[in-house]
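Peer 1: got a structure for you, letters missing:
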Ligand code: AMP
Ligand code: GLY
């Protein structure tokens, strides 16, 4: 069976790496891929936005499974285009991907499903929003652009003045373009965040182990928001009892409510959760694997992912055995370009990848990398590498991941130094650095 993975980040490298281990899979292609997927799979020079070329490639290369990694082609309808051609594809349709593509739609589903989430109000007009803000008095506000904004369309505010300014940016200045046509103002929740992802065929869910992302750029969770500077799993913040509660009160009602709205969701439903003193609350849903959460999750997953994805497409997840995991925790440290998440330069040669690859229980997934004409690996993005390690304890996994990070460098390379410290502290009472 030939497999095609669409996308070019660390998540897609991890997907391609994992799928290539299946005895059912003979060849994995990645479109367009990066320097890492060029080694673990074969790159195809087709953009994730070129749906006709992807379809033609899938037909010509007898692709029996296409996996769509990023949100943009899911929300754009790539899965629908493949299905219309009778091709086998893993991921939600355009309609179902609205769970991520439209925060207004997502809230509507959450409210219908009685899933705990922040109270919110939807707007399509800034003046209504200003009037609403004047009439309210609450402890913090969150203003969210309704559409896709590359993870940047959320502004967490202390005061109503700040919230009004965020409304102005989103709805008047159009800082996120059409994503600001509709927007939400919601209550600010307080707590630690966790990512709980489930693979679903629209009827059954297979919940993955809980993970935690590190969204802030710098140590101590300060600085601007990023796509994620590191992750680990499992996250003890979500123990078995809480995970069960999340399945029963959050994930299943969401899947069933979508069905009742004639929107079957097949693929990965990713709940971004805030663990508040009142219990878990949904901050957002994504319609795909999280990046970087996917990398430590798949590094620990023992079950054949190809089998699970095919069963999802055929709606027979119910017939599969539970997922099996490596008992050891995994820590993923993101290495980034100087300047990220602001402006950064690309094209620097990356040194030390071979040394890092020698280390046991370590895998370096590539995110923003590219092979140049001479076969040299160069930086090609803000988040460049995702260094993942397994350890007997989280502290051990962290130590191994940073040992690998220390072998790799390029001009301006940097990473946070405290990935997983919260977990180490929670599970052992001490931190390591
Ligand atoms: P979202 O894209 O909705 O997950 O929002 C991005 C980030 O904004 C989340 O990871 C949280 O850190 C923060 N956030 C979103 N909604 C809220 C909320 N209601 N209260 C507090 N923080 C929030
Ligand atoms: N790691 C956050 C996301 O994938 O949206």
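Peer 2: Yep, it's here. Because the structure is predicted, anything quoted here is derived from the model rather than measured. Numbers count the residues shown, from 1 in each chain. Ligands and ions are numbered 1, 2, ... in the order given.
Peer 1: center of this protein, which residue is that?
Peer 2: residue 290 (1.5 Å; CA atoms, centre = their mean).
Peer 1: in this structure that residue contacts residue 214, no?
Peer 2: No: counting by CB atoms under 8 Å, residue 290 does not reach residue 214; the two are 11.8 Å apart. Where C-beta positions appear, they are placed from N, C-alpha and C, glycine not excepted.
Peer 1: now residue 427. Nearest residue, chain neighbours left out?
Peer 2: Once flanking residues are discounted, residue 427 sits nearest to residue 236: 5.6 Å by CB to CB, 6 or more residues apart in numbering.
Peer 1: then residue 276?
Peer 2: Nearest to residue 276 is residue 191, by CB to CB, 6+ apart, at 4.3 Å.
Peer 1: next one: the closest residue to residue 51 other than its chain neighbours from residue 103, what distance?
Peer 2: Nearest in space to residue 51, with sequence neighbours left out and distances taken as CB to CB, 6+ apart, is residue 81 at 4.7 Å. Computed as CB to CB, to the nearest Å, the residue 81 to residue 103 distance reads 24 Å.
Peer 1: who has more neighbours out of the two?
Peer 2: residue 103 (27 against 17; other CB atoms under 10 Å).
Peer 1: does the helix or strand harbouring residue 12 reach ligand 2?
Peer 2: Residue 12 belongs to helix 10-19 when assigned by DSSP states H and E. No: judged by CB under 6 Å from any ligand atom, helix 10-19 stays clear of ligand 2, getting no closer than 7.6 Å.
Peer 1: quick revisit: three-state assignment of the residue nearest to residue 427?
Peer 2: coil (DSSP: H, G, I helix; E, B strand; the rest coil).
Peer 1: pretty sure it sits against residue 422.
Peer 2: No: applying CB under 8 Å, one finds residue 236 not in contact with residue 422, separated by 9.7 Å.
Peer 1: the closest residue to residue 138 other than its chain neighbours bridge partners, please.
Peer 2: What sits nearest to residue 138 in space, not counting adjacent residues and going by CB to CB, 6+ apart, is residue 187, at 6.0 Å. Applying DSSP bridges to residue 187 gives these bridge partners: residue 141.
Peer 1: which residues touch residue 187?
Peer 2: The contact partners of residue 187, by CB atoms under 8 Å, 6 or more residues apart in numbering, come to 118, 119, 120, 138, 140, 141, 142.
Peer 1: of all of the stretch 51-200 of the chain, which residue lies closest to ligand 2?
Peer 2: The minimum distance from the stretch 51-200 of the chain to ligand 2, using CB to the nearest ligand atom, falls at residue 151 (5.9 Å).
Peer 1: residues near that residue, how many?
Peer 2: Residues near residue 151, counting by other CB under 10 Å, number 16.
Peer 1: equivalent analysis for residue 108, please.
Peer 2: Residue 108: 15 neighbours (other CB under 10 Å).
Peer 1: thought residue 283 was touching the residue nearest to residue 276, still the case?
Peer 2: No: at 9.9 Å, residue 191 does not count as touching residue 283 under the criterion of CB under 8 Å.
Peer 1: which residues are common contacts for the two?
Peer 2: residue 274.
Peer 1: Three-state assignment for the residue in the stretch 301-433 of the chain that ligand 1 sits nearest to, please.
Peer 2: When scored by CB to the nearest ligand atom, the stretch 301-433 of the chain has residue 341 as its residue closest to ligand 1, at 13.3 Å. When classified by three-state DSSP, residue 341 comes out as coil.
Peer 1: in contact with it, which residues?
Peer 2: 217, 224, 225, 226, 227, 382.
Peer 1: select from those every entry located in helices.
Peer 2: Using DSSP state H to define helices, no part of these is located there.
Peer 1: helix or strand for residue 427, which one?
Peer 2: helix 421-428.
Peer 1: I'd guessed residue 40 sits against residue 20; true?
Peer 2: Yes: contact criterion CB under 8 Å: residue 40 and residue 20 qualify, at 6.0 Å.
Peer 1: need the overlap of contacts for the two.
Peer 2: residue 28.
Peer 1: now do the nearest residue to residue 402 once chain neighbours are set aside against residue 308, distance only.
Peer 2: Nearest residue to residue 402, sequence neighbours excluded (CB to CB, 6+ apart): residue 333, at 6.5 Å. Counting by CB to CB, the gap from residue 333 to residue 308 is 27 Å.
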